[in-house]
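**Q** the following comprises the amino acid sequence and a computationally predicted model.
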Amino acid sequence: MRGDGDAPPPKIRLRGLRKAFNGKVVLDGVDLDVGARRSMVILGGSGSGKSVMLKCILGLIEPDDGAIEIDGRNVLAMSRREREAVNDRIGMLFQNGALFDSLPVWENVCFKLLAQRRIDRRAAREKAAEILALVGLAPEVRDLYPAELSGGMQKRVALARAIAAQPDIILFDEPTTGLDPIMAAVIDGLIVDVVRRLGATAVSITHDMTSARRIGDDAAMLYEGRIVWTGPAASLGQTGNPIVDQFARGEREGPIRMELRR
Ligand SMILES: Nc1ncnc2c1ncn2[C@@H]1O[C@H](COP(=O)(O)OP(=O)(O)OP(=O)(O)O)[C@@H](O)[C@H]1O
């Protein structure tokens, strides 16, 4: 079903998304639209529910209420098989990379393709070299183990894994956290490049405003369980919204009250 005339639905549409853990409300009616082939950056304080939101989109966390539409279809109302088919089209770069320590880089990169038996092991090792090249890594890297890689290389491998199955939605959870500013810029550049190359829609969480402006077309602020602002990522810091501007400028004084309990 199409909403507004002939306009296609947004690639991702969240409506009234709610999630509580042990009575603690984390998402309290999240509404968000992400346009096809757009890159959306999600801002919000630590513990505000950004990762929970991404995990709901990916199907790792079931929301308590609300709708998650992808290409206009509510994935929460789908059969398990339909949902899996949608999930196959979503790639995710997890916070801290989340590489499997016991597997060499090539198996990490082609993990999903191998698990789905879309490729045999021999072909996977070849394919891994191709994908690693897209993130600027030499073919020799494929035989190393994650523990043998620097943080920046691990992020690149995690990025390679996220794009290996050519997803049309890619979710990035703090892709540059813990990297030096130059490596962060390199990873941001790779993200922009691979998202464009795949024609994918991207949703990224970042705490770094420079990164947010580099990788985002659009930005949204999650605050007290809801999206309180969306607008151009380029305007961050001067949006005119006091909550967003305080956050983007990292100011102590302002409407955002920090929880300093415990
Ligand atoms: N599986 C879970 N079980 C219980 N509580 C959870 C679970 N996942 C997340 N939470 C809680 O939900 C809240 C939001 O967590 P989330 O990881 O989404 O925050 P975040 O905005 O991504 O934070 P950060 O920027 O620090 O990574 C936290 O209070 C967290 O403890």
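**A** Happy to help now that I have it.
**Q** distance of residue 83 from residue 155?
**A** In this structure, residue 83 and residue 155 are separated by 28 Å, where distance is defined by CB to CB, to the nearest Å. The way it works is simple: take the backbone N, C-alpha and C, and place the C-beta from them, glycine included.
**Q** more neighbours: those two, which one.
**A** Set side by side, residue 83 and residue 155 show unequal neighbour counts under other CB atoms under 10 Å, the larger going to residue 155 at 28 against 15.
**Q** who does whatever helix or strand the more buried one lives in touch, helix- and strand-wise?
**A** Taking DSSP states H and E as the definition, residue 155 sits inside helix 151-163. Helix 151-163 is packed against strand 90-93, helix 105-109, helix 121-134, strand 169-173, helix 181-198, with contacts defined by 3 or more CB pairs under 8 Å, 6 or more residues apart in numbering; DSSP states H and E.
**Q** got the contact list for the next helix or strand after the second one?
**A** On the C-terminal side of helix 105-109, the closest following helix or strand by DSSP H and E is helix 111-115. Contacts made with helix 111-115 from outside it, assessed by CB atoms under 8 Å, 6 or more residues apart in numbering, are listed as 88, 100, 103, 107, 119, 121, 124, 127, 161, 164-165.
**Q** so which bits of helix 111-115 are buried?
**A** Within helix 111-115, the residues that qualify as buried are 111-114, counting by 16 or more other CB atoms under 10 Å.
**Q** does residue 251 belong to a helix, a strand or coil?
**A** coil (DSSP: H, G, I helix; E, B strand; the rest coil).
**Q** in space, what's closest to it - neighbours in sequence excluded?
**A** What sits nearest to residue 251 in space, not counting adjacent residues and going by CB to CB, 6 or more residues apart in numbering, is residue 245, at 8.0 Å.
**Q** element containing the one you found?
**A** When elements are assigned from DSSP H and E, residue 245 belongs to helix 242-249.
**Q** contacts for that helix, please.
**A** Contacts made with helix 242-249 from outside it, assessed by CB under 8 Å, 6+ apart, are listed as 43-45, 209, 212, 219, 221, 223, 228-229, 231, 236-239, 251, 253-256.
**Q** try 6 Å this time
**A** By CB atoms under 6 Å, 6 or more residues apart in numbering, the list of residues contacting helix 242-249 from outside reads 43, 209, 221, 223, 228-229, 236-237, 239, 254-256.
**Q** likewise for stretch 204-213?
**A** Judged by CB under 6 Å, 6+ apart, the contacts made with stretch 204-213 from elsewhere in the structure are 41-42, 50, 172-174, 176, 188, 215, 233-234, 236, 248.
**Q** show me which residues of the stretch 51-200 of the chain are close to the ligand?
**A** Counting by CB under 6 Å from any ligand atom, the stretch 51-200 of the chain comes close to the ligand at 51-52.
**Q** hey, C-alpha coordinates of the helix holding residue 245 in CSV?
**A** Listed next in CSV are the C-alpha coordinates belonging to helix 242-249 (Å, rounded to 0.1, in the frame of the first residue of the first chain):
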residue,chain,number,x,y,z
PRO,A,242,17.9,23.3,21.8
ILE,A,243,18.1,19.6,22.7
VAL,A,244,19.9,18.7,19.4
ASP,A,245,22.2,21.7,19.5
GLN,A,246,23.2,21.1,23.1
PHE,A,247,24.0,17.5,22.3
ALA,A,248,25.8,18.2,19.0
ARG,A,249,27.9,20.9,20.7
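**Q** cool, thanks, signing off.
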